[in-house]
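Q: Whatever this is, show me its structure:
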Amino acid sequence: VFVFKNVGDAPLRLTKGDTSCACTLSNVDHDEIPPGKTGTVTLEWSAEHREGMFRQVAAIFTNDPLRPRVTLSVEGRIKGSLGANPAEISLGSIVAGETATATARFYSYLEKPVEIIGCRTTDPEHLVASFEPLPADELANEKDATRGWLVKVFLKPGLPVGPFRKRIQLQTDVKESPTYEIPVMGMIASEVSVVGPGWDQKTGVLRLGNIRANEGMQRTLYLRVEGSHHREVELKPVQIVPDLFQVRLGKPSEISGGRITLVPLVLEIPKGARPANYLGPDHDRLGRITIQTNQPHARELNIYIEFSVRDES
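A: The predicted structure follows:
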């Protein structure tokens, strides 16, 4: 609320002016303020879901020739009720058959007491999470935090080769935010890897882009097999999503003086395929080819595919 005082000897007229984004000017109590009197202007805006520093401005036009425009400004910081640091847990690259651990700090910024009443993961078979209160000296390092917890995550062996993305789900007694999720991601690596055009090793995604139905598509990747048993490796496609893809393995060959075996993997979408959309940031929205292997610690290799098929005839 801003207070305007008329220090002149004639009525002061106020008119609403322009405002910044997501800003609403309201409650101009008096179109005219008599000499010696005051009037108020209320500036309102919605914080929505944005966090961090903000600045909102609005203009009031007046009939004062010496000050025809007054700019109102509000600055501050919007904080969330709950938050995690880091916001996402990255376990990096993990050799198949090994375990991994990581931690995150979970904070409450609410004045009222908050409790975590439950902790689980979206894949309890492979991912286990627990929590414990933060010591007072660590809590003091987080500005505005009223409570804090150390969240621990433990990854068990058994995930298929390739990228993974799971979530920790913290159950709280905050009515407005009963569940808070912390993503957990990483890459399971093994002696079997993928190389080829369009392949993103970091995310484990093959990016094909937009495919015209009347043209179709063919792409050759290579399954690179290393290690002491690379000559005995057995590979077999066991799941193909969607069924638009035709998949076949080529004849193996050896490179690097016989230390590495390369197996061609040919992917094809024939001409006339039906429209499809497998674009998106999440793996569960992408296409997928699962390759079964005979490796003892990595029985499966997932190849995720980002693509769409458009009928442009």
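Q: chain center to the top strand by length along the chain: distance?
A: Longest strand of the chain, by residue count under DSSP state E: strand 298-310. Between the centre of strand 298-310 and the centre of its chain there are 20 Å (CA atoms, centre = their mean, to the nearest Å).
Q: same check, this time on stretch 65-72
A: Using CA atoms, centre = their mean, the offset of stretch 65-72 from its chain centre is 44 Å.
Q: who are the neighbours of the longest strand of the chain, in terms of helices and strands?
A: Strand 298-310 sits against strand 162-172, strand 192-195, strand 205-212, strand 217-225, strand 260-269, strand 276-278, strand 287-295, with contacts defined as 3 or more CB pairs under 8 Å, 6 or more residues apart in numbering; DSSP states H and E. C-beta: built from backbone N, CA, C; applies to glycine.
Q: Pull out the buried positions in the fourth one.
A: For strand 217-225, the buried set under the neighbour-count rule, 16 or more other CB atoms under 10 Å, comprises 217, 219, 221, 222, 223, 224, 225.
Q: would you say residue 41 is within a helix?
A: No. The assignment for residue 41, made by DSSP: H, G, I helix; E, B strand; the rest coil, is strand rather than a helix.
Q: Surely it and residue 2 touch.
A: Yes. Distance between residue 41 and residue 2: 4.8 Å, which falls inside the contact criterion (CB atoms under 8 Å).
Q: Mind checking which of these two has more residues around it?
A: Counted by other CB atoms under 10 Å, residue 41 and residue 2 do not tie: residue 41 has more neighbours, with 20 against 14.
Q: How many neighbouring residues does the closest residue to residue 300 other than its chain neighbours have?
A: Nearest residue to residue 300 in three dimensions, chain neighbours excluded: residue 160, at 3.5 Å (CB to CB, 6 or more residues apart in numbering). For residue 160, the neighbour count with other CB under 10 Å is 18.
Q: now do residue 104
A: 20.
Q: likewise residue 100?
A: 18.
Q: Residues in a beta bridge with it, which ones?
A: residue 155 (DSSP bridges).
Q: That one against residue 94, yeah?
A: Yes. With contacts counted by CB under 8 Å, residue 100 reaches residue 94, the gap being 4.9 Å.
Q: hey, what's in contact with both of those two?
A: Residues touching both residue 100 and residue 94 (CB atoms under 8 Å, 6 or more residues apart in numbering): 155, 186.
Q: contacting residues for residue 303?
A: Counted by CB under 8 Å, 6+ apart, residue 303 has contacts 162, 194, 204, 206, 221, 265, 288, 289, 290, 291.
Q: one step back: just put the buried residues of strand 217-225 in a markdown table and tack on distance to residue 168 and pLDDT.
A: Below are the buried residues of strand 217-225 laid out as a markdown table (distance: CB to CB, whole Å; pLDDT from 0 to 100):
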| residue | distance to residue 168 | pLDDT |
| --- | --- | --- |
| 217 | 38 | 96 |
| 219 | 36 | 97 |
| 221 | 33 | 97 |
| 222 | 36 | 96 |
| 223 | 32 | 94 |
| 224 | 33 | 89 |
| 225 | 34 | 87 |
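Q: between those, which is nearest residue 137?
A: Residue 137 lies nearest to residue 224 out of the buried residues of strand 217-225, by CB to CB, at 48.7 Å.
Q: Now that closest one. Nearest residue, chain neighbours left out?
A: Using CB to CB, 6+ apart, the nearest residue to residue 224 is residue 193, at 4.8 Å.
Q: Near the one you found, how many other residues are there?
A: Residues near residue 193, counting by other CB under 10 Å, number 17.
Q: Start at 54, not 1
A: Yes, from this point I'll number from 54; that puts the last item at residue 246.
Q: where does it land on pLDDT?
A: Note for residue 246: predicted pLDDT of 87.
Q: That one and residue 297: what is the separation?
A: 25 Å (CB to CB, to the nearest Å).
Q: can you check residue 285 too?
A: Going from residue 285 to residue 297 by CB to CB gives 32 Å.
Q: quick one: contacts for the nearest residue to residue 320 once chain neighbours are set aside?
A: Distances taken as CB to CB, 6+ apart place residue 272 nearest to residue 320, at 5.0 Å, with adjacent residues excluded. By CB under 8 Å, 6+ apart, residue 272 lies in contact with 249, 250, 251, 259, 261, 319, 320, 321.
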